[in-house]
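Colleague: Structure for the following, please:
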Amino acid sequence: MEKWLKKLVKTGEQGLMVRIDRRPDIKDRIEGFVVGASPEIVLIHVVDPSVRFNGYTAIRTIDITAFRVLDDTNSFAGRALQLRGEAPVSRPDVSLVDMGTLLATAGLINELVAIQEEKR
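Modeller: As a prediction, the model looks like this:
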């Protein structure tokens, strides 16, 4: 596992919220908690703009361009969740080997799995 990916995984182990930047120049950033990772895929328990947990997002590691830890000094959302006693739920029982396997295993435990193709 690459050094940057190990650091990203460590944020999840420490319960730290992160902001993920993706390529190719996708403006929407993903904020949440890392709940699983492999060399191919990172799984995030997403925190939406209303400061609520809103499902999971799987991101191919090759699409991650940067990440930033959102701590008490730069994240209202992280503080708000903590004050409400809310925490990310550990990784659902899905495989992170590759996208095909992820979708197959997610489909076994969820009634709805959404796939979004982003502009490249």
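Colleague: Buried residues of stretch 66-77, list them for me.
Modeller: Phe67, Val69, Leu70, Ser75, Ala77 (16 or more other CB atoms under 10 Å). The C-beta positions use only the backbone N, C-alpha and C, and glycine is treated the same way.
Colleague: Over to stretch 77-87?
Modeller: Ala77, Gly78, Leu81.
Colleague: where does the last one land on pLDDT?
Modeller: We note a pLDDT of 89 for Leu81 in this prediction.
Colleague: I figured it was touching Ser50, is that so?
Modeller: No: counting by CB atoms under 8 Å, Ser50 is not a contact partner of Leu81; they are 11.5 Å apart.
Colleague: List the contacts of the spatially closest residue to Val69 that is not a sequence neighbour.
Modeller: Among residues not flanking Val69 along the chain, Leu16 sits closest, at 5.2 Å (CB to CB, 6 or more residues apart in numbering). Leu16 makes contacts with Phe33, Val69, Leu70, Asp71, Gly78, as judged by CB atoms under 8 Å, 6 or more residues apart in numbering.
Colleague: Which elements pack onto the helix or strand harbouring the second one?
Modeller: I take that to be Val69. Using DSSP states H and E, Val69 maps to strand 64-70. If you count contacts as 3 or more CB pairs under 8 Å, 6 or more residues apart in numbering; DSSP states H and E, strand 64-70 packs onto helix 3-13, strand 17-22.
Colleague: Would you tell me which one of those is buried the most?
Modeller: strand 17-22 (a mean of 21; mean count of other CB atoms under 10 Å).
Colleague: Can you list the strands that the helix or strand following that one pairs with?
Modeller: The helix or strand immediately downstream of strand 17-22 is strand 26-37, counting by DSSP H and E. Strand 26-37 sits in its sheet next to strand 17-22 (antiparallel), strand 41-47 (antiparallel), going by DSSP bridges.
Colleague: which residue packs closest to Val34, ignoring adjacent ones?
Modeller: Closest to Val34 by CB to CB, 6+ apart is Gly12, at 3.2 Å.
Colleague: Next, name the residue at the spatial heart of this protein.
Modeller: Ile44 (1.7 Å; CA atoms, centre = their mean).
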